[in-house]
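In: sequence plus predicted model, see below.
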Amino acid sequence: MTWITHGARQAMALALVLGSALPAMEAARAADWPTRPVRILVGAPPGGTADIVARLVARELQASLGQPVIVDYKAGAGGTIAVQTMLASPRDGYTFLLIQKGIASEVPHAIKVSYDPFKDIVPIAQLTQYGLVLVGNPNLPAKDLGELVRYVKSKPGKFDYANFGVGTRGQTMGVQFNRVAGLDAGTVSYKGSPAALQDVMGGQVPLMFDGPATSLPFIKSGKLRAYAVASPRRMAALPDVPTFTEAGYPDLQDVSWMGIWSAQGVPPAVITKMRDATLKVTQSPTLRPRLEDMGMEPGSPATTDALLKDVRESYERQGALLRSIHFKPD
């Protein structure tokens, strides 16, 4: 027979009481959330699309949540440093991640990641959605997409696309365009859009698929020429630039999005509050026109399950494209 001492009984009783109280304590903390500053990690350097969106959203979220919202840059390794920082933080709802869906659909194809993109991180709200824009050096003689296709075909092996990262949509959109238009342009990879755009404007690489937020200022100043956009509708900021569908290439419609992500294990009540606050921000009358000026649209109210489904489908498409060109990850 196993004897249990009086002290052991008291310890067990206390553990049972504390255990039953923990859910109530967590619920109370979630109900009060947030009671201190909220940190949003950005997995990209200042100056890019994520930085621009993060600063705009943080300002609006701060007013909505009633607490400071701190933007914390953790650039590097395709955004995985920011992911690892979030996963190493307490799961108390005070650390989130702002990043493109490519952190789960593209990056794991390009580099070995230490997280499961479909289990460890969770998209909780979409902030913006947008299609890439094909831009070129303004000294190219082609004035529209049809002329560009004919010009590139007339000089086989002489053209490259710049892209903003190995294994990204910036690279695979070039692969897709080559196939549907019968081109043979190569690819040159950079660490981010700013460096790639500098070389396109300088004439070192003539073409690039880029996010609208970074390329629009140069398009409007005449330092880049826009040929087509990969969104389902024309961009409000580029009303004279056709979609690829309008130009005869419907297979090049590919919309990406940026959102707020969380680590698994954050209290559901906190996730719900953060999601509601984020969706409210995306529809604010001050933020919406700012996003449209950058060639983006406010995010949809898609659920987490719908966002995860979209990420997984994009992951499969991206993988198939990269395998078709015998891509070797780092």
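Out: Everything's here; your move.
In: can you give me every residue that contacts the most centrally placed residue in the chain?
Out: The residue lying closest to the centre of the chain (CA atoms, centre = their mean) is Gln100, at 0.7 Å. Neighbouring residues of Gln100 by CB atoms under 8 Å, 6 or more residues apart in numbering: Thr49, Ala50, Gly79, Ser256, Trp257, Met258. In short, each C-beta sits where N, CA and C put it, glycine included.
In: skip the chain neighbours and tell me the closest residue to Gly146.
Out: Ala247 (7.2 Å; CB to CB, 6 or more residues apart in numbering).
In: the one you found and Lys158: what is the separation?
Out: In this view, Ala247 and Lys158 are 22 Å apart by CB to CB, to the nearest Å.
In: neighbour count: those two, which is higher?
Out: Ala247 (20 against 12; other CB atoms under 10 Å).
In: you'd agree the more buried one is up against Val229?
Out: No. Contact criterion CB atoms under 8 Å: Ala247 and Val229 do not qualify, at 9.7 Å.
In: could you report the neighbour count for Leu287?
Out: If you count neighbours by other CB under 10 Å, Leu287 ends up with 20.
In: equivalent analysis for Gly157, please.
Out: 8.
In: also Ala196?
Out: 26.
In: may I ask which helix or strand encompasses it?
Out: helix 193-202 (DSSP states H and E).
In: let me know the average pLDDT across that helix.
Out: On average, the pLDDT along helix 193-202 is 94.
In: just checking: what are the partner strands of the following helix or strand past that helix?
Out: Sequence order places strand 207-210 as the next helix or strand after helix 193-202, per DSSP H and E. Using DSSP bridges, strand 207-210 pairs in its sheet with strand 133-136 (antiparallel), strand 160-163 (parallel).
In: strand 207-210: what's the following helix or strand?
Out: By DSSP H and E, the next helix or strand past strand 207-210 is helix 212-220.
In: give the other helices and strands that that following helix contacts.
Out: Using 3 or more CB pairs under 8 Å, 6 or more residues apart in numbering; DSSP states H and E as the contact test, the elements touching helix 212-220 are helix 49-65, strand 121-131, strand 133-136, helix 193-202, strand 225-229.
In: wait, doesn't Ala196 sit right on Met208?
Out: Yes. In this structure, Ala196 is within contact of Met208 by CB under 8 Å, at 5.8 Å.
In: between these two, which contacts overlap?
Out: Joint contacts of Ala196 and Met208 (CB under 8 Å, 6+ apart) are Ala162, Asn163, Phe164, Gly170.
In: possible to save the helices and strands packed on helix 212-220 as CSV with distance to Thr286?
Out: Formatted as CSV, the helices and strands packed on helix 212-220 follow (distance: least, CB to CB, whole Å):
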stretch, distance to Thr286
helix 49-65, 7
strand 121-131, 14
strand 133-136, 25
helix 193-202, 25
strand 225-229, 25
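In: and these, which one is worst for confidence?
Out: Across those, helix 49-65 gives the lowest mean pLDDT, at a mean of 90.
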